[in-house]
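> Sharing a model prediction with you, sequence too.
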Amino acid sequence: MTAQTKISQLVEHLFRHEAGKLVAVLTRVFGPENIDLAEDVVQDSLVEAMDNWQYKGIPDNPAAWLFRVAKNKALNIINREKYQRKYSSEASYFLKSEWTAEPALNHFFSEQEIQDDQLKMIFTCCHPAISPDSQIALALKTLCGFSIPEIAKAFITTEENITKRLVRARQHIREAKIVFEIPYGENLEKRLNTVLETIYLLFNEGYSASRGNSIIRYELCEEAIRLAQIIAADKNIPQKGNVFSLLALMFLNASRFKAREDAEGNLLTMAQQDRSLWDNRMKDIGLRYLISATENNDISIYHILAAISAHYCISPDYESTDWAGILSLYDSLLQFDNSPVVLLNRAIAVSKVNGIEKGLAELELLKDNPLLKSYHLFYSTQAELYIQANHFSKAADCLKKAIELATLQAEKELLTRKLISIEKNNFNSMS
C-alpha cells in the first residue's frame, strides 16, 4: 500500500467517524443558519490533512490533529468576520472578544460537549419546519457524512432530487430561524421518529453498501449504533422503547456480518451462510435490547423488524426458520409500512409458507411499481422464485436485469454466478 493510498483511506475513515462531530460543534458555534460554513470548515480541514500528511507524515493522533485544525480555522473566521457575521445566540457573547473566543471554543470542543452537540444537531436537522424527506437527507449529509449518491440510493431516487432537498432544507433552517437544541414534550416524540429513521438508513447503507468494493461498510454500521446509543443514554429522552428496538434490530443484523461473504469475498445468501460464524455476543446484546423494548405496550416498526431478525438469529439452520411467524410479523408490519420494499420482502415469506407460485403472484402485483423498476433486488428475488419453480428462462431474464441495475460489484458477481449456473442447467436439461 502506497503512502498516498494509506493517507486517502485514513482521511476517508476520519470523514466517516469525525466529520459529523465537527459539523455539529461548529454549527453550535456559527449557528444553524451558517451550517454551510460549518461544512466548509470541515471540508477545508480534511483537504489540509491530505496535503499536510503527504509531506510531513501522519500524526500520532490524526483525529485530534483534525479537530485542532478545524478549531483554529473557526477561530480565524470568528476573528476575521466577527463584525460581519451573526453567530448563534449561545456562542455570540463569547465570540465577540479575542480573550474569550478561544476558551469558549476549547469548551465547545470538549468530548462531552461534542456528544451533546451531535444530539442537538440531529434534532435540528429533523425540525418540523423542514419537510420529512429533506430532514433525513440533511441529517445523513451533515451528521453522518453521506455522499449525495449514497443518499439517492437510500431514497431510491435521483441525485438531482437529493441536491434540491438539501438546498431547501438549509433554506428552511435560515428562514425559520431554527434553534440548536434538543426539543421536549410532544415535539421530542415527533422528531425522535425522524431521528431514528435517519439512523436506520445509515445502518442500512453500511449493511448493504451502495458503492465501492466492500459488501459491508462496517464503519457506517458502527456509527449508526453509536448515535442510537447516545440517544439511549440521554436523560432528556424519557420514552426509549423505539430506541431500544432499533438498537436490537441493528445488533441482531450486525451479528451475521462475518458470515455474509466467503474467504474469497463472495457474497453469500442467508441459506449459504455458516451460522457458526455469527457473533453470539452481538446477538445476545440485540435480544436483551429487544426485551427492554417490550417492557411497555408500545409497538413500532422497529419492534417488528427486530422480531423478524430475531427469528433468523435464533434458528439453528435455514431450513428450520419459522417462516409462518415471520409472515405474521410482515402482515403486522404492513399496518406501519406498506411500501414496495416491505411488500417485496413479505413475498419471500409468502413463498415459504404458501408455496412458490403464491410468492410469484405477490411479485406480479408489484412489477409495475415505479420504485421497484430500478431496484435490482426485486429482479433477483423474482429470479430466485423462478429458479425454485424451474422456470429457468424467466429466471435468466430477471437475473440479467438485476445485474444491470446492481451497483455493488460483489452483488453483480453473485448474480452472474447464479446466471451462469442456471444457463448451464437449462442447457443440460434440453440436451
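The structure has been received and is ready for your questions. Computed from a predicted structure; not experimentally measured.

> Which parts of the stretch 301-431 of the chain are helices?
Counting by DSSP state H, counting those that start in this stretch, one finds helices in the stretch 301-431 of the chain at the ranges 301-314, 323-333, 340-354, 356-366, 376-388, 392-405, 409-430.

> Could I get the buried residue list for the fifth one?
Buried residues in helix 376-388, counted by 16 or more other C-beta atoms under 10 Å: 376-387. (Glycine included, C-beta is placed from N, CA and C.)

> That helix - contacts with which helices or strands?
In terms of contacts (3 or more C-beta pairs under 8 Å, 6 or more residues apart in numbering; DSSP states H and E), helix 376-388 is packed against helix 340-354, helix 356-366, helix 392-405, helix 409-430.

> do the longest one as well
Using 3+ C-beta pairs under 8 Å, 6+ apart as the contact criterion, the elements in contact with helix 409-430 are helix 376-388, helix 392-405.

> right, and these - which one's nearest residue 125?
Residue 125 lies closest to helix 376-388 among the helices and strands packed on helix 409-430, at 28.0 Å (C-beta to C-beta).

> Using TSV, lay out the helices and strands packed on helix 409-430 together with distance to residue 207 and mean pLDDT.
Output for the helices and strands packed on helix 409-430, formatted as TSV (distance: least, C-beta to C-beta, whole Å; pLDDT from 0 to 100):
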stretch	distance to residue 207	mean pLDDT
helix 376-388	13	93
helix 392-405	18	93
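
> could those helices go into JSON lines alongside distance to residue 328?
Shown next, in JSON lines, are the helices and strands packed on helix 409-430 (distance: least, C-beta to C-beta, whole Å):
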{"stretch": "helix 376-388", "distance to residue 328": "20"}
{"stretch": "helix 392-405", "distance to residue 328": "28"}
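
> where are the low-confidence patches of the protein?
1, 81-101, 209-215, 425-431 (pLDDT under 70).

> Which SSE is immediately downstream of the longest helix that it contains?
Ranked by residue count under DSSP state H, the longest helix found in the chain is helix 3-30. Of the helices and strands lying after helix 3-30 in sequence (DSSP states H and E), the nearest is helix 35-56.

> Output the helices and strands packed on helix 376-388 as TSV; include the columns distance to residue 308 and mean neighbour count.
As requested, these are exported to TSV (distance: least, C-beta to C-beta, whole Å; neighbours: other C-beta atoms under 10 Å):
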stretch	distance to residue 308	mean neighbour count
helix 340-354	9	19
helix 356-366	17	17
helix 392-405	23	19
helix 409-430	22	15
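
> how far away is residue 153 from residue 341?
Separation of residue 153 from residue 341 (C-beta to C-beta, to the nearest Å): 13 Å.

> same thing with residue 147?
In terms of C-beta to C-beta, residue 147 sits 21 Å off from residue 341.

> Any idea which of the helices of the stretch 301-431 of the chain gets closest to residue 189?
Using C-beta to C-beta, these put helix 301-314 closest to residue 189, at 14.4 Å.

> got the angle for that closest one vs helix 340-354?
Counting by axes from the mean of the first three to the mean of the last three C-alpha atoms, to 10 degrees, helix 301-314 points 40 degrees away from the direction of helix 340-354.

> which residues are in contact with helix 301-314?
196, 200, 241-242, 245-246, 248-249, 252-253, 255-256, 270, 278, 283, 286-287, 289-290, 293-294, 321-322, 325-326, 329-330, 332-333, 336-337 (C-beta atoms under 8 Å, 6 or more residues apart in numbering).

> Just the buried residues from those, in ChimeraX please.
A single ChimeraX command suffices to select whichever of the contacts of helix 301-314 are buried according to 16+ other C-beta under 10 Å:
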select :196,200,241,242,245,246,248,249,252,253,255,256,278,283,286,287,289,290,293,294,321,326,329,330,333
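
> chain center to the host helix or strand of residue 292: distance?
Under the criterion of DSSP H and E, residue 292 resides in helix 280-293. Centroid separation for helix 280-293 versus its chain: 20 Å, with C-alpha atoms, centre = their mean, to the nearest Å.

> And it, what does it pack against?
Contacting helix 280-293 under the criterion 3+ C-beta pairs under 8 Å, 6+ apart are the following elements: helix 241-254, helix 301-314.

> how close does the closest residue to residue 418 other than its chain neighbours sit to residue 237?
If the residues on either side of it in the chain are set aside, residue 418 comes closest to residue 399, at 6.0 Å by C-beta to C-beta, 6 or more residues apart in numbering. Distance, residue 399 to residue 237, using C-beta to C-beta: 46 Å.

> Just want the angle from the helix holding residue 292 to helix 301-314.
Counting by the same axes, to 10 degrees, helix 280-293 lies at 140 degrees to helix 301-314.

> From residue 316, how far off is residue 219?
Using C-beta to C-beta, residue 219 is found at 31 Å from residue 316.

> the more surrounded of the two?
Using other C-beta atoms under 10 Å, the more surrounded residue of residue 219 and residue 316 is residue 219, with 16 against 8.

> Compile the helices and strands packed on helix 376-388 into TSV and extend it with columns for distance to residue 114.
As requested, the helices and strands packed on helix 376-388 are exported to TSV (distance: least, C-beta to C-beta, whole Å):
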stretch	distance to residue 114
helix 340-354	35
helix 356-366	44
helix 392-405	40
helix 409-430	35
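
> isn't the residue nearest to residue 418 right up against residue 421?
No: Residue 399 is beyond contact range of residue 421, at 9.9 Å (criterion: C-beta atoms under 8 Å).

> any idea how far residue 345 is from the closest residue to residue 292 other than its chain neighbours?
Excluding its sequence neighbours, the residue lying closest to residue 292 (C-beta to C-beta, 6+ apart) is residue 244, at 4.5 Å. Distance, residue 244 to residue 345, by C-beta to C-beta: 23 Å.

> returning to that earlier point: in JSON lines, list the helices and strands packed on helix 280-293 along with distance to residue 189.
Below are those laid out as JSON lines (distance: least, C-beta to C-beta, whole Å):
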{"stretch": "helix 241-254", "distance to residue 189": "9"}
{"stretch": "helix 301-314", "distance to residue 189": "14"}
